[in-house]
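S.K.: sequence plus predicted model, see below.
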Amino acid sequence: MSGILARIKIKHVQGAEIAYLYEKEILEQIGLLPDSYETSVTFFNEGDVFQLGKDRYRVVKIYTKFYDQIHEPDNYGIDLYGIGKHQPFNFQITYEVENE
């Protein structure tokens with residue numbers, strides 16, 4: 001198995017798949033927060049609020065999933081915002097969100 005290739009999935013508590021993200025820079029644009037003690041370290045945790053388009057969301061749960069093989073992105077699910085380029089992944093972090 002190769003290294004960890006991550007994708008971020010943002011899913012609404014009511015089931016809608018809002019976005020898939022593959023680039024840290026995109027998270028920084030929507031609300032990845034710098035650590036107050038070490039500004040080169042950032043975080044995105046439960047309770048944090050971010051904005052996509054005109055909508056504001058609050059993170060309510062975080063799930064992780066490791067795959068035993070690298071997956072090529074496909075059109076499975078709905079990516080409402082279509083942000084960034086889709087890339088291969090073998091690790092997924094799902095942020096479950098509610099409207100702010």
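M.R.: Sure, I can see it.

S.K.: contacts for whichever strand in the chain runs longest next, please.
M.R.: Counting residues, the longest strand found in the chain (DSSP state E) is strand 55-71. Contact with strand 55-71 is made by 1-2, 5, 10, 12-13, 18, 44-51, 88-100, as judged by CB atoms under 8 Å, 6 or more residues apart in numbering. Just so you know, the C-beta spots here come from the backbone N, C-alpha and C atoms, and that holds for glycine as well.

S.K.: can you do 10 Å?
M.R.: 1-7, 9-13, 18-19, 30-31, 44-51, 80-81, 88-100 (CB atoms under 10 Å, 6 or more residues apart in numbering).

S.K.: pull the contacting residues for Gln30.
M.R.: No Gln there; residue 30 is Ile. Applying CB under 10 Å, 6+ apart, the residues contacting Ile30 are 10, 19, 21, 44, 50-53, 57, 81, 83.

S.K.: make it 6 Å
M.R.: 50, 52 (CB atoms under 6 Å, 6 or more residues apart in numbering).

S.K.: what separates it from Thr94, distance-wise?
M.R.: Remark: distance between Ile30 and Thr94 (CB to CB, to the nearest Å) = 16 Å.

S.K.: same question for Ile62.
M.R.: 7 Å.

S.K.: same question, Ile4
M.R.: From Ile4 to Thr94 the distance is 15 Å (CB to CB).

S.K.: ok, which stretches of this structure are strands?
M.R.: Using DSSP E, the strands of the chain run over residues 6-12, 17-21, 33-34, 42-43, 49-52, 55-71, 89-99.

S.K.: lowest-pLDDT helix or strand in the chain?
M.R.: strand 33-34 (a mean of 73; mean pLDDT, DSSP states H and E).

S.K.: can you tell me the strand partners of it and which way each runs?
M.R.: With DSSP bridges as the test, strand 33-34 is paired with strand 42-43 (antiparallel).

S.K.: name the residues that touch the partner strand?
M.R.: 32-34.

S.K.: residues contacting the most centrally placed residue in the chain?
M.R.: Centrality entry for the chain: nearest residue to the mean C-alpha point is Ile8, 2.9 Å, by CA atoms, centre = their mean. By CB under 6 Å, 6+ apart, the residues touching Ile8 are 21, 93.

S.K.: I'm done for today, thanks for sticking with me.
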